[in-house]
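Trainee: sequence and predicted model, in that order:
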Amino acid sequence: MLFGVVGSRNENRVRMPIADWFKAREDRKYTPSEQNRGSGDVPDGVWSKCESCKHIIYEGELAQNARVCNYCGHHFPLTAPQRIELLVDEDTFEETHAHISSGDPLEWSSPKSYPVGLESAREKSSLAEAVMTGRASIADHPVVIGAMDFRFVGASMGSVVGEKVARAFELALAEHRPLVLSIASGGARMQEGMLSLMQMAKTSAAAARLADEGVPYISVLTNPTYGGVTASFAVLADVIVAEPASLVGFTGQRIIEQTIRQKLPKGFQTAEFLVEHGMIDEVIPRSDLRAHIGLLLDYLDIPGGERS
């Protein structure tokens, strides 16, 4: 089958097999120009399409606006390094426990082995695991900070994620620094079975020890936050804030509806719904997060850790 391509009325008709035409289309080189803005083809690394309003946005504009859509306010995902850069004072972050990484304690059997999956996640994210932790300052308050990265096996909580989070709590306790965690997760890491579920108890116990000593803990829930992470340390903070439209829950709406055989309210797991029903304290736009957390620390971070 032939496919005709006409350059103009006065030019000769050029014919090529349709398979070659599609291959030439796929090999087309893109450049970041205004002409591409309305195109249906969105090349990687130059333009991004907003999931909410469907606008095509130049990546440079997104970067300047903390990856928030200028048209509708949709919050694009951020990596763990981007989360930390967004929140902390410039040049204050010092990473801790950077090289702890997961093994394969259960010798998980599947078409794609667990070690291969971990190596792929490391290459994709340039991280050793799904959470980064360290010391920093926010609005001149010394803090311990952590951020989870959904690119790494869905930011699922395995043994190492639980260990790094628990160590962040212990470091905050030892140095009497407020703890700020930016959280995103698909839940427990099934490849580690019961060892993964045990992290819920370990991180919850660490959060309780921090609370007993009066050291502030602020959690920032981002889209999505689910499973065992939601059921443990994510909701044990003194103040729980979330980004707009973040989905937060234990399991997805479809599974819940199938289990209880009832229809659930539309948007019942969004941050806005959860604020109305008391699970989350505030919904804060990304552009205001650093300043707002700084204000919270002004109230919570009392010298000596004694709070009324």
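Mentor: That came through fine. Quick caveat, the model's predicted, so the values are computed rather than measured.

Trainee: for the helix or strand harbouring residue 290, give the mean pLDDT please.
Mentor: Assigned by DSSP states H and E, residue 290 belongs to helix 289-300. For helix 289-300, mean pLDDT is 96.

Trainee: what sits against residue 106?
Mentor: Shown in contact with residue 106 (Cβ atoms under 8 Å, 6 or more residues apart in numbering): 114, 191-193, 195. (Glycine included, C-beta is placed from N, CA and C.)

Trainee: again but with residue 285, I slipped
Mentor: 68, 73, 75, 243-244.

Trainee: what about 10 Å?
Mentor: Going by Cβ atoms under 10 Å, 6 or more residues apart in numbering, residue 285 touches 66, 68, 73, 75, 243-244, 292.

Trainee: same check, this time on residue 144
Mentor: So residue 144 contacts 96, 133-136, 167-175, 177-181, 210, 215, 217 (Cβ under 10 Å, 6+ apart).

Trainee: among those, which are located in helices?
Mentor: 167-175, 210 (DSSP state H).

Trainee: where does the prediction get shaky in the stretch 1-150 of the chain?
Mentor: 1-44 (pLDDT under 70).

Trainee: now for the helix or strand containing residue 194, which elements pack on it?
Mentor: Using DSSP H and E, residue 194 sits within helix 193-212. Counting contacts by 3 or more Cβ pairs under 10 Å, 6 or more residues apart in numbering; DSSP states H and E, helix 193-212 packs against helix 159-175, strand 179-185, strand 217-225, helix 227-230.

Trainee: buried residues in the third one?
Mentor: The neighbour-count check on strand 217-225 (16 or more other Cβ atoms under 10 Å) flags 217-225 as buried.

Trainee: next: stretch 107-125.
Mentor: So, applying 16+ other Cβ under 10 Å, buried residues of stretch 107-125: 108, 114, 117-118, 121, 125.

Trainee: mind checking which of these are in helices?
Mentor: Reading helices off these with DSSP H, I get 114, 117-118, 121, 125.

Trainee: go ahead and confirm residue 291 touches residue 139.
Mentor: Yes: in this structure, residue 291 is within contact of residue 139 by Cβ atoms under 10 Å, at 7.3 Å.

Trainee: more neighbours: these two, which one.
Mentor: residue 139 (18 against 12; other Cβ atoms under 10 Å).

Trainee: could you check how far the more buried one is from residue 162?
Mentor: From residue 139 across to residue 162, the span is 29 Å (Cβ to Cβ, to the nearest Å).

Trainee: residue 143 too?
Mentor: When residue 143 is compared with residue 162 (using Cβ to Cβ), they lie 21 Å apart.
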